[in-house]
Structure formats: C-alpha cells, structure tokens
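>>> Build the 3D model from these lines:
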Amino acid sequence: MAPGLAKRDLLYLSDDGDGSVYVYSFPDAKLQGTLTGLSFPTGECVDKAGDVWIVEEGPNEIVEYAHGGTVPIATLTDPNNAPEGCSVDPTTGNLAVANAQTLSAGAGSVGVYAHAQGTPTLYTNSQMKFVLFVTYDDKGNLYADGVDYSLVYRLAELRKGAGALTPIGFNQSIVQGTNIQWDGKYLAVGDGGGIVGTGPPVIYHVKVAHSTGTVVGKTPLSGTTGIFQFFIQGNTFIGPNLGNENVMFWKYPAGGTPTKAIGGFNDPFGSAVSKGKK
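Numbering: from 1, shown residues only. So this is what the prediction gives:
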C-alpha cells in the first residue's frame, strides 16, 4: 500500500476472480495498493470511521480493514450462510449482511451483527428465497432485496426498532435485481437488465413510505452489460462491470455515457469509498 493515504479518499474494488481488493485514490482513480489472499471477495461496505468491511464468500466471513490498512483488524464469521453484501447502520454501528442462501441451499436471510461484533441475529421473510443486497438509510432503517421462489424480484425492510423483515410493495418490474443503496434521499434500486439481453442496466430512485416503494426517477447506464454491487459517492456512480471485466464511472443521478473506466479485472464485483481523515 502506498504511504500517506490517511487523508485521501480511497476507492476499494473487489475482484472475486483473483481473490484481491484493489485500492485506488478517489476520485482520480489511481492505484494505491492491493489487498491479497482473500477468498472470493464480493460485497463491501464502510462504517463511520472509514473502516472497510469486505465479504468473503469462500470462508463465509466478513473482514474489516482500517482506511488504507493492509491487514484485517477484525473478522466476523457467518456460520452456515453464503454472504454476498453488507451495510453499516450510521446510527448504531450495526453491521447487516445479505446471506444469499444457507450452505445447504435453504432460504436466504439478513444477518445483523450488533455493533459489528459477535454472532448475527438472522431475519427471514417468506417471500424471499435468495437475498441479494442490503442497505441502511440515514435513520437506521434497513432494506434488503432478493427474489422469491419463482425468481420474481422482491424488496423488504427491517424498520429501526422492529423485529421482523417485512415486504415492500413495489410498483416497478425488475428484470435482474442487483445492488441497492441509500443515496441520501431515495433508495437506489439496480436492475441489470443488460445481463439477460433485455437492455442496458438502470438504477431506479425509489421513495419508500408505509411499506410501499414508488419509483420517482431513474439513472440509465449506457456502455455496459451489467452492474452488480455499485456504490454512489456524491455525484459519482461507480459500477463494477462483470460483463466487460472493468469498473465504470457515471455522473449521478444523470447516468448516460460513462465518464471513465478502469480495466484489467477478472470478475469485478463490489465497490466502496472510504473517506480520508481531513
């Protein structure tokens, strides 16, 4: 890892094809270092301290790295589950993990680690066979997306202080569900339609109220065949592109033509930006 990164914003990009996470300065996208020796790193998330959590599908763990650090400072186990994505509650520091399914191919779940420690409390919903990704909003409400037993896209929420994961009625058909992220105002819901040849991916801006999700806008993404665990940082949209084996950048929420790309990946999957200490 390059020296002197404490004050710099850093972009972490996971490549589950070669077991590495590549660290770039942000927004100029210059390579600063590589975290190696990971086993199928997929989703990423960042806490208020700027620590980066990386989901490892191989050992079913979530590992924590300090901003610019080169060795894990904490490791959480996710017993009997296949984790894929994560998110940190800005109000409590709880860490939520999307478990795609159990290791015995049972229904997926959302695991919540209180204060990002110990063992998780698991939440399931009868409508969700596979859980894809999770995200907290700025008030500590948790959202999850996935598909049901007929592979129809589903959204759910764990309201702050609630004890159950409940469905969100959604007025938009999703072809290929990908990541979700709170963008500061709306829930950004990804549809990687290009993955199955139905058109370019799009990000829907969803207003959630009273267990109902309503699309109020969208960000079209041209020049790509599919985006998985995207990350929105201010007015920049970062999209790992499995189909083209690169990571692309767009203006957010405008979308359209990408502004730049980083190549040379095997299977780019996850992304996160950790803010430097100014």
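>>> Just give the number of residues close to A105.
The burial count assigned to A105 is 8, neighbours taken as other Cβ atoms under 10 Å. The way it works is simple: take the backbone N, C-alpha and C, and place the C-beta from them, glycine included.
>>> so how far is L151 from it?
Distance check for A105 against L151: by Cβ to Cβ, to the nearest Å, it reads 15 Å.
>>> Then S222?
Computed with Cβ to Cβ, the distance linking S222 and L151 is 26 Å.
>>> Work out for me the element the closest residue to G108 other than its chain neighbours sits within.
The shortest distance from G108 to any residue that is not its chain neighbour, by Cβ to Cβ, 6 or more residues apart in numbering, is 3.5 Å, and that residue is V131. Secondary-structure assignment from DSSP states H and E places V131 in strand 130-136.
>>> Could you list every helix and strand that the next helix or strand after that strand packs against?
On the C-terminal side of strand 130-136, the closest following helix or strand by DSSP H and E is strand 142-147. In terms of contacts (3 or more Cβ pairs under 8 Å, 6 or more residues apart in numbering; DSSP states H and E), strand 142-147 is packed against strand 95-102, strand 109-113, strand 130-136, strand 153-158, strand 177-182.
>>> most neighbours per residue, which of those?
Looking across the helices and strands packed on strand 142-147 with neighbours counted as mean count of other Cβ atoms under 10 Å, the highest average goes to strand 130-136: a mean of 26.
>>> and the angle for that one with strand 109-113?
Angle between the axes of strand 130-136 and strand 109-113 is 40 degrees (criterion: axes from the mean of the first three to the mean of the last three Cα atoms, to 10 degrees).
>>> From here on, call the first residue 95.
Okay, using 95 as the starting number, the last item reads as strand 224-230.
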